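In: got a predicted model here, sequence first, then my questions.
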Amino acid sequence: MKKSFVKSSLLLVIVLLWFGSARAQKADAITGVWWNAEKTAKVQVYEQNGKYFGKIIHLEEPLDASGKPKTDKENPNDKLKSRKMDGLVILTDLEHVGGDNYEEGEIYDPKSGKTYSANAKLVGKNKLDLRGYIGFSLIGRTSTWTRAE
């Protein structure tokens, strides 16, 4: 009887540890390098203090028409218009809410200079549906990113 209880307890501990580690790995599944939908930029998604962020690490066309590095020229804040696009953080504060879902983040669109609320969902290992919206997620647009590395 005592051996059976010890075996059952040990099995329960192993199962709980396995589920706990699988859940932690699942949250980090979003990390890595992703192509944006247009394949004009690579964005590195990384974890910082339990939230997920994304920064541009590669531009297919890094230079503007005058041959200078592209800047955030559409930003509504005049002080930020001169910051370089390469290295620009465009995804902030995304939180893993369970399974393949991430919410409560923000995404900055450098083409328009606008910031939107953001949710994301991993669709398999190499596809990320990123939804930018204002107010309610029903009113927005989904962009599909593909894993680059």
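Out: Structure's in. What do you need?
In: my guess is residue 105 contacts residue 52. True?
Out: Yes: counting by C-beta atoms under 8 Å, residue 52 is a contact partner of residue 105 at 7.1 Å. To be clear about C-beta, it is placed using only N, CA and C from the backbone, and glycine gets the same treatment.
In: overlap in contacts, these two.
Out: With contacts taken as C-beta atoms under 8 Å, 6 or more residues apart in numbering, residue 105 and residue 52 have 91, 93, 94, 95 as neighbours in common.
In: what pairs with whatever helix or strand the second one lives in, parallel or antiparallel?
Out: Secondary-structure element containing residue 93, defined by DSSP states H and E: strand 89-98. According to DSSP bridges, strand 89-98 forms sheet pairs with strand 51-59 (antiparallel), strand 101-109 (antiparallel).
In: okay if I get those strands as JSON lines plus mean neighbour count, mean pLDDT and distance to residue 126?
Out: Formatted as JSON lines, the strands paired with strand 89-98 follow (neighbours: other C-beta atoms under 10 Å; pLDDT from 0 to 100; distance: least, C-beta to C-beta, whole Å):
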{"stretch": "strand 51-59", "mean neighbour count": "19", "mean pLDDT": "97", "distance to residue 126": "16"}
{"stretch": "strand 101-109", "mean neighbour count": "18", "mean pLDDT": "95", "distance to residue 126": "16"}
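In: and these as CSV, adding distance to residue 147?
Out: Below are these laid out as CSV (distance: least, C-beta to C-beta, whole Å):
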stretch, distance to residue 147
strand 51-59, 13
strand 101-109, 15
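In: which among these is found nearest to residue 34?
Out: Comparing the strands paired with strand 89-98 against residue 34 with C-beta to C-beta, the closest turns out to be strand 51-59 (7.5 Å).
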